[in-house]
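Colleague: output the structure for:
(chains A and B)
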Amino acid sequence: MKVNVTVNGVPYEREVEPRTLLAYFLREDCGLTGTHVGCDTSSCGCCVVVLDSERAVKSCSMFAVQADGHQVQTVEGLANGGTLHPLQQGFWDQHGLQCGYCTPGMLMTSVALLKRNPNPSESDIREGLAGNLCRCTGYQNIVKAVQQASAAMGVQA
Amino acid sequence: MSDEKPAGCLGKAMKRKEDPRFLRGKGHYVDDIRLPGMLYLSLVRSPYPHAEIKSIDIGDAMKVSGVVAVITGKDLEAAGLGWLPTFHGYDKQMVLAIGKVLFQYQEVAAVFAETRGAAADGAEAVQVDYAPLPVVADPFTSKTDQIILRPDRDAKTNHIYHWEVGDKDKTATALASSPKKIKERIWFQRCHPAPLEPCGCVAEFDAMGRLQFYVTSQAPHVYRTALALVTGIPEDKIHVVSPDIGGGFGNKVPVYPGYVCAIVGALKIGRPVKWIETRTENLTSTGFARDYHMDVEIGATAEGRLTALHVATTADHGAFDAAADPTKYPAGMFGVVTGSYDFPAAHAEVDAYFTNKAPGGIAYRCSFRVTEASYAIERAMDILADELGMDAAELRRKNFVRKDKFPYPSALGFTYDSGDYEKTLGVALDKIGYQALLKEQAEKRARGELMGIGFSTFTEVVGAGPSKHFDILGIKMFDSAEIRIHPTGAGIVRTGTKSQGQGHETTWAQIVGEELGLDPQNIMVEEGDTDTAPYGLGTYASRSTPVAGGAIALAARRVREKARKVAAHMLEVGEDDVEWKDYKFQVKGVPAKSVTMKEVAFAAYTNMAQNEPGLEASYYYDPPNMTFPSGAYVAVVDIDRETGEVKVRRFLAVDDCGTIINPLVVEGQIHGGLTEGFAIAFMQEIQYDKDGNNLNTNFTDYLLPTSLETPAWETDKTVTPSPHHPIGAKGVGESPNVGSPAAFVNAVVDALSPLGVRHLDMPLTRDKVWRAIRAAQVVTT
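Modeller: Reported below is the predicted structural model:
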């Protein structure tokens, strides 16, 4: 089947099997390997992308054909050229990542979280990230990273 | 230039150099690799834990669109590749089942296809006719030898090995004459490291017939040698690359059947092959950990002075003994089971058995079997405190190996390098406010509320290790570093280790920066490529900093010695008149006359006089001893009497890992390790039912903590450098995972102790705690 998905502002028209998951479409058909697959049961959140600028979705729980005609933002679309997004900067400053495998999903979930709630409390953040597993950091520095980004984005706005 | 500030970058909280690529989604993991013409491999796995294979029909599978080839165990056997040696050399493992299957999800056939989907479809279409056999699902049944699981072995028994250390008679005598004694069976449940990136590989034979093997390996050089030995491919024709690794925790040390199948497929079909395991395959077939049933006995005087320790362990190794332990240590470093305590006598023994479960027994975020040992002694110390009616912290303090006893020869044969256990515990007690907590607990107990305080004052043994003791497949467990300094004072360091998130690209640069007075931002770190990195044994068992970290410091000092000759020429004095001080070379007694390493680096390529051009060195470091990180952890929990829910109100970790290279990275490692310890204490378990069915095959059944459950961590430190390590560092990545499970369990049992609960096995699920409360209430009412 033919699908047309706009990823990070770039239209991708591809022929896919109907069973192709959005995660594999992004990774293998668009070559955007920043979106990771960690569990196959939509438990880990490594594959989270932002759909239509507002919703965080696990791209392993959506078919590529369902994204036809939609806008997808992946981790590759987060930085503005040489300038990191405040969330990326926050994760770097606060040591919010170690192996880096969960990081793209954490970042994209946080993008949608801050969109919904620009000034989240610690428990808001912990609740907002509960669909994303991390085996390295123990989450504490990830929470700090989102808080830093929230403050920085508040200042920007 | 000479007035540049000294670098002094050791101990600085440098932000990690590797992070930008991960933050931008530009990390490079194995599954990101796509080669032209690449095929996908999917494995057919057994639904039965123990069954004879009557036949395998690949006819339907070959008809599936996109399927290119199917291979079975018989094909591999014919090629001499039916079995794979396990790392310590005691056993071998079937690559694909031959004749029978021995555990559920065992690899039975390999299907190669044009796409990921076609490979999975092909695997579904392979018809295997099984005749089920009786199942041995626990080591105690296995012990009876009524069913022999491994007729392929010479010895017709399920018993794999008996290992023991210590003085058996002295311990028995001391125990028999001890006025106070405790004995408890403590089980460390089977669990799985479950890094978020599953295991996988891409295999390709290039135009020169050379194997290009990209793989999630914590030990790429060992893989190269093992592959050469198993396949007969000359070692120079094998290139192993470990790209970015999405967490390892010991899961990515062994060589797995999928890797061998991918290589065989690539060779046979002549196209690159990718194999990436699914999460279910990860949890059911690659590298489980623990599964030690430990009978722990401690003797003490009535005043609480320890007299003897005896531990007898029954180990469940699954269908093959694939525990990646050093050759001479089938039970790893389990001899550290005396912990931080000065036992005059001790004896530890381990008996391992085959069962119809997945093989493994890997070191999950710990030095080999150290978590099991640490948990056993720290749990048993609390049971003893309960028996003696003593405060658990006081009993520990009373029996610590005293600071003036280091280097301390333990009753089980280790020489502890350094420690100040009393100081570390003191910091913990102060910071947690122990006296206030005790008062609060007494008040709550009077009201019938369940509040617990749990300690763990552990000692770990890491950094395998001295070549006289440790090897894998005969290869001594040294590690290595190679440093090149470029003309402009930038440089590159390569090591035989491989970061899986530990931050080597930053911390290794800091060591070089410290030793050479150069900017670590311009010291590139490269690991994981066997063509360029010097031979090393890899990253696991907290050995990177103790072993490779030592190699880096000593290689840097060799660079400095060479640089000194150039500096002498530049300063126009004899070499003996030049000293390295304040991160530069200066003429002895004339600080104003100096040159920086950056200046010397340029001269090493432009103005070397009689000296050999260039500025580089390598060092293969064989550590004289292991290192012994320690810590004092305190958990405070509240338990809901009605629901059994445990809330970890506070957790304080005071770690002593010797010299700290980067406090930011150390703290991150501690947070992560504590979270894994928390997970093991409360959630993670790979359970099998009595018929050998794995009940925890994905993340909806194998529970990992999210940001919601995970407690907030408090950390502090004491610093007791290792006297024998070149920079005094001991390693830290695993301490929190080794030390914390006992603190959690001790806190929960302490909370339940007014109900008469003395011990509970992990994981302490809400259900298990609720049942313990209920059982106690039924008895008491």
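Colleague: show me the helices in the stretch 301-450 of chain B, by range?
Modeller: In the stretch 301-450 of chain B, the segments counted as helices under DSSP state H, counting those that start in this stretch are B:370-388, B:392-399, B:421-432, B:434-446.
Colleague: out of the ones you listed, which is the most enclosed?
Modeller: Among the helices of the stretch 301-450 of chain B, helix B:370-388 has the highest mean neighbour count (mean count of other C-beta atoms under 10 Å in any protein chain shown), at a mean of 26. Yep, even glycine has a C-beta here, placed from its N, CA and C like the rest.
Colleague: what pLDDT, on average, does it get?
Modeller: Averaged across helix B:370-388, pLDDT comes to 98.
Colleague: got the angle between that helix and helix B:392-399?
Modeller: Here helix B:370-388 runs at an angle of 100 degrees relative to helix B:392-399 (axes from the mean of the first three to the mean of the last three C-alpha atoms, to 10 degrees).
Colleague: hmm, helix B:370-388 in reach of chain A?
Modeller: No: on the criterion C-beta under 8 Å from any C-beta of the partner chain, helix B:370-388 is out of touch with chain A, staying 15.9 Å away.
Colleague: dump that helix to CSV, restricted to CA.
Modeller: Extracted in CSV, the C-alpha atoms of helix B:370-388 (Å, rounded to 0.1, in the frame of the first residue of the first chain):
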residue,chain,number,x,y,z
VAL,B,370,28.7,-11.2,44.2
THR,B,371,25.1,-10.0,44.4
GLU,B,372,24.0,-13.4,45.6
ALA,B,373,26.8,-13.5,48.2
SER,B,374,26.2,-9.9,49.4
TYR,B,375,22.5,-10.5,49.7
ALA,B,376,23.0,-13.7,51.7
ILE,B,377,25.3,-12.2,54.3
GLU,B,378,23.4,-8.9,54.6
ARG,B,379,20.0,-10.7,55.0
ALA,B,380,21.5,-13.3,57.4
MET,B,381,23.1,-10.5,59.6
ASP,B,382,19.6,-9.1,60.2
ILE,B,383,18.3,-12.5,61.1
LEU,B,384,21.1,-12.9,63.6
ALA,B,385,20.4,-9.4,65.0
ASP,B,386,16.8,-10.5,65.5
GLU,B,387,18.0,-13.7,67.2
LEU,B,388,20.3,-11.8,69.5
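Colleague: off-centre distance for it?
Modeller: Distance, stretch centre to chain centre, for helix B:370-388: 22 Å (C-alpha atoms, centre = their mean, to the nearest Å).
Colleague: next, give phi and psi for the residue in the stretch 351-500 of chain B that chain A sits nearest to.
Modeller: Going by C-beta to the nearest C-beta, chain A is nearest to B:Gln500 of the stretch 351-500 of chain B, at 5.7 Å. Backbone torsions for B:Gln500, taken as degrees, to the nearest 10, come to phi -120, psi 20.
Colleague: before we move on, what about B:Tyr223?
Modeller: phi -60, psi -40.
Colleague: ok, it to B:Ile238 distance?
Modeller: As for B:Tyr223, its distance to B:Ile238 is 9 Å (criterion: C-beta to C-beta, to the nearest Å).
Colleague: overlap in contacts of the two?
Modeller: B:Phe213 (C-beta atoms under 8 Å, 6 or more residues apart in numbering or on different chains).
Colleague: leaving out chain neighbours, which residue sits closest to residue 30?
Modeller: Since no chain was named, I'll use chain A. In space, A:Cys30 comes closest to A:Tyr12 once its chain neighbours are excluded; the distance is 5.0 Å by C-beta to C-beta, 6 or more residues apart in numbering or on different chains.
Colleague: oops, I was thinking of chain B
Modeller: B:Gly200 (4.9 Å).
Colleague: and B:Ala203, that's in a strand?
Modeller: Yes: secondary structure of B:Ala203 (DSSP: H, G, I helix; E, B strand; the rest coil): part of a strand.
Colleague: surely it touches B:Arg210?
Modeller: No: B:Ala203 lies out of contact with B:Arg210 (C-beta atoms under 8 Å); the separation is 11.4 Å.
Colleague: tell me which of the two has more neighbours.
Modeller: Neighbours per residue (other C-beta atoms under 10 Å in any protein chain shown) separate B:Ala203 from B:Arg210, with B:Ala203 holding more: 28 against 15.
Colleague: list the contacts of that one.
Modeller: B:Leu211, B:Gln212, B:Phe213, B:Tyr214, B:Tyr259, B:Ala262, B:Ile263, B:Gly265, B:Ala266, B:Pro272, B:Val273.
Colleague: at 10 Å instead, please
Modeller: B:35, B:38-39, B:41, B:211-215, B:227, B:259-267, B:271-275 (C-beta atoms under 10 Å, 6 or more residues apart in numbering or on different chains).
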